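Participant: Sequence plus the predicted model coming up.
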Amino acid sequence: MLDAAFSTKAAPKAHAVPEKPLDAQSFSHGRHGRLGDAVLTKGFVPNPNWTAGNKQGERPGYTACPALVADSPGAEMQYTFDGAGFGLFLSAGRNTGMIEYSTDGAPFKTFDTWNPWSGALNLPWPVMLENELPPGKHTITLRTTDQAKGRSGLHIIHVLLN
C-alpha cells in the first residue's frame, strides 16, 4: 500500500477533518515545541552541536544535533505551552536516568529515561509524560535526579506538544 502511495505522481487529495474528533485526546494537534522556549533554571544547557560520543557513531538528528543537556542531578527547567499533552523526544543513553516532572504545580511524578538499549547506544525515544491534560495553558517543571546511581543525564532533542 505504501509503495503504491509513494509511487504516484498525483497530487494528494484533501481530506476533511471531523469538526469533533472521535477521541478528545487524539494527537491531531501534535507538534514540536521550540527548545528555546524552555526556561532553564539550573543545570540544563542548550548545546547547538550536541553529540553522544559513543562507539556506534553519530546519527544526524538523533545524536548529532541541537539539544538541551543536563549531566548531573538537580538540573531543572520549566516549559509553558498551550495544549493537552507534553512529552520529550530524547536520546536515551548510558548516562540517562530518572527524571521528575510536575504539571501546573501538582506533586512530582517520576519517569525512567533508561531503556533496554541504553547501555549500548543512544536511542532516539519519544515519550509522552502528559497526554490527557485539559486543553489550555500548562507549565511543566522537569528535573533530573540521583535515583539511578551513576545515571543522572538527560538529552532533549525535541519538546513534543499536543
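Facilitator: Right, received. Where do you want to start?
Participant: can we go C-alpha only for contacts and neighbour counts from here?
Facilitator: Fine.
Participant: Where do the strands of the chain begin and end?
Facilitator: Using DSSP state E, the strands found in the chain span residues 31-33, 39-42, 45-51, 64-70, 76-83, 86-92, 98-103, 109-112, 123-130, 136-144, 154-161.
Participant: now for the third one, which elements pack on it?
Facilitator: For strand 45-51, the contact count by 3 or more Cα pairs under 8 Å, 6 or more residues apart in numbering; DSSP states H and E identifies strand 64-70 as packing neighbours.
Participant: packing partners for the strand it packs on?
Facilitator: Against strand 64-70 (3+ Cα pairs under 8 Å, 6+ apart) you get strand 45-51, strand 154-161.
Participant: could you dump the strands of the chain to JSON lines with mean neighbour count and mean pLDDT?
Facilitator: Formatted as JSON lines, those follow (neighbours: other Cα atoms under 10 Å; pLDDT from 0 to 100):
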{"stretch": "strand 31-33", "mean neighbour count": "15", "mean pLDDT": "95"}
{"stretch": "strand 39-42", "mean neighbour count": "14", "mean pLDDT": "96"}
{"stretch": "strand 45-51", "mean neighbour count": "15", "mean pLDDT": "90"}
{"stretch": "strand 64-70", "mean neighbour count": "20", "mean pLDDT": "91"}
{"stretch": "strand 76-83", "mean neighbour count": "18", "mean pLDDT": "97"}
{"stretch": "strand 86-92", "mean neighbour count": "23", "mean pLDDT": "92"}
{"stretch": "strand 98-103", "mean neighbour count": "21", "mean pLDDT": "96"}
{"stretch": "strand 109-112", "mean neighbour count": "14", "mean pLDDT": "94"}
{"stretch": "strand 123-130", "mean neighbour count": "17", "mean pLDDT": "90"}
{"stretch": "strand 136-144", "mean neighbour count": "19", "mean pLDDT": "97"}
{"stretch": "strand 154-161", "mean neighbour count": "24", "mean pLDDT": "94"}
